[in-house]
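Q: below are the sequence and a predicted model; questions follow.
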Amino acid sequence: MFGRKQREEDPETTLARCIVLLDDLRAYRRKDIEQVEEQFAPLKKSRFKDSYDFWAKARPSAEKIVEMPLKIPGVPKLIKTLGWLKVANRIFLIFLILFFAFQIVPVWRRSLGHEFLTGTGLAFLIVFVLLVVISLNFITFLDYRIRKKIIAYEASTIDEYAPARDKMKESVNKMMKSLAREVSRSKVDPNYYGLVLYFDDYDNIEVVDKWRPKSMGLFKKSYNHYQVVPKP
């Protein structure tokens, strides 16, 4: 209803979401650091203030992880090109949708004529279909190139970034302990705070499921997902 104040999220749920964010960073899933800060901010005024303090100490390590791709030769240019391709693809899709709308919406169809999608109109439609398909394939190709370069760089600098990743793990362990303690205190079903993580080596967790995600629903990726619940 208009004017109704949005219900605030409970601190436990915020804490659980922030745990997932740090686990993502540990797995080199790049995040906007300022957005991560916004996610942690509500914890400053909750009984989990210490978890915000953990993040404040871990933030420099998180920034190091996030900025890593910019140090890889050729990757910044590829990322910029990928960004422009995604913008262009959206524009092509908008025009493609408009062409279909001109043919479907009765008012537009009468204004443009029933034979709009013939001749020049049909040629434009084919061009935009091809542009969408080609741009999507280029986006997939560039994304693959970027990922391959990052994976190779990660492998060659694993020792350099190990301390940053260890800092993420340390913070998650402390925050998970707080969440498990809260679950024990409140007698809430641990499954209510079920989390999907990239790692299963944290304290105070119980792994209830494990699977390997697939790319495009077909090809298994090189890492696992773990569904875990807090364990006191």
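A: Structure received.
Q: phi, psi of residue 228?
A: As for residue 228, its main-chain torsions (degrees, to the nearest 10) stand at phi -130, psi 160.
Q: what bridges to the nearest residue to it once chain neighbours are set aside?
A: Nearest residue to residue 228, sequence neighbours excluded (Cβ to Cβ, 6 or more residues apart in numbering): residue 205, at 4.3 Å. Heads up, the C-betas are built off the backbone N, CA and C, glycines and all. On the basis of DSSP bridges, residue 205 is bridged to residue 230.
Q: residues in contact with residue 205?
A: Neighbouring residues of residue 205 by Cβ atoms under 8 Å, 6 or more residues apart in numbering: 176, 180, 228-231.
Q: tell me where the protein has strands.
A: Listed in chain order, the strands found in the chain under DSSP state E are 195-197, 205-211, 214-215, 219-220, 225-230.
Q: tell me the contacts of residue 183?
A: Contact partners of residue 183, counting by Cβ under 8 Å, 6+ apart, are 190, 193, 230, 232.
Q: identify the farthest-apart pair in the residues you listed.
A: Maximum pairwise distance in the contacts of residue 183, criterion Cβ to Cβ, is 11.9 Å, between 193 and 232.
Q: of the two, give the one with the bigger neighbour count.
A: More crowded of residue 193 and residue 232, by other Cβ atoms under 10 Å: residue 193, with 20 against 13.
Q: for the more buried one, which non-adjacent residue is spatially closest?
A: Once flanking residues are discounted, residue 193 sits nearest to residue 16: 4.9 Å by Cβ to Cβ, 6+ apart.
Q: and for the one you found, the neighbour number?
A: 19.
Q: and the gap between it and residue 197?
A: 11 Å (Cβ to Cβ, to the nearest Å).
Q: again with residue 95
A: From residue 95 to residue 197 the distance is 41 Å (Cβ to Cβ).
Q: same question for residue 73.
A: Residue 73 is 32 Å from residue 197, by Cβ to Cβ.
Q: dump the residue contacts of residue 59.
A: Residue 59 makes contact with 33, 37, according to Cβ under 8 Å, 6+ apart.
Q: again, only using 10 Å
A: The neighbours of residue 59, taking Cβ atoms under 10 Å, 6 or more residues apart in numbering as the test, are 33, 36-37, 40, 167, 171.
Q: and those, which is closest to residue 50?
A: Of all the contacts of residue 59, residue 50 sits closest to residue 171, with 10.6 Å by Cβ to Cβ.
Q: and the gap between that closest one and residue 20?
A: According to Cβ to Cβ, residue 171 stands 12 Å off from residue 20.
Q: ok, the two, which is more surrounded?
A: Taking other Cβ under 10 Å, residue 171 and residue 20 do not tie; residue 171 has more neighbours (26 against 16).
Q: that one and residue 230: what is the separation?
A: Residue 171 is 15 Å from residue 230, where distance means Cβ to Cβ.
Q: let me see the contact set for residue 65.
A: Listed by Cβ under 10 Å, 6+ apart, the contact set of residue 65 reads 24-31, 33, 154, 161, 164-165, 167-168.
Q: neighbours around the spatially closest residue to residue 12 that is not a sequence neighbour, how many?
A: Closest residue to residue 12 apart from its sequence neighbours, by Cβ to Cβ, 6+ apart: residue 182 at 5.6 Å. For residue 182, the neighbour count with other Cβ under 10 Å is 19.
Q: now do residue 64
A: Residue 64: 17 neighbours (other Cβ under 10 Å).
Q: pLDDT value on residue 107, please?
A: Note on residue 107: pLDDT of 57.
Q: give me the common contacts of residue 16 and residue 197.
A: Contact with both residue 16 and residue 197 is made by residues residue 176, according to Cβ under 10 Å, 6+ apart.
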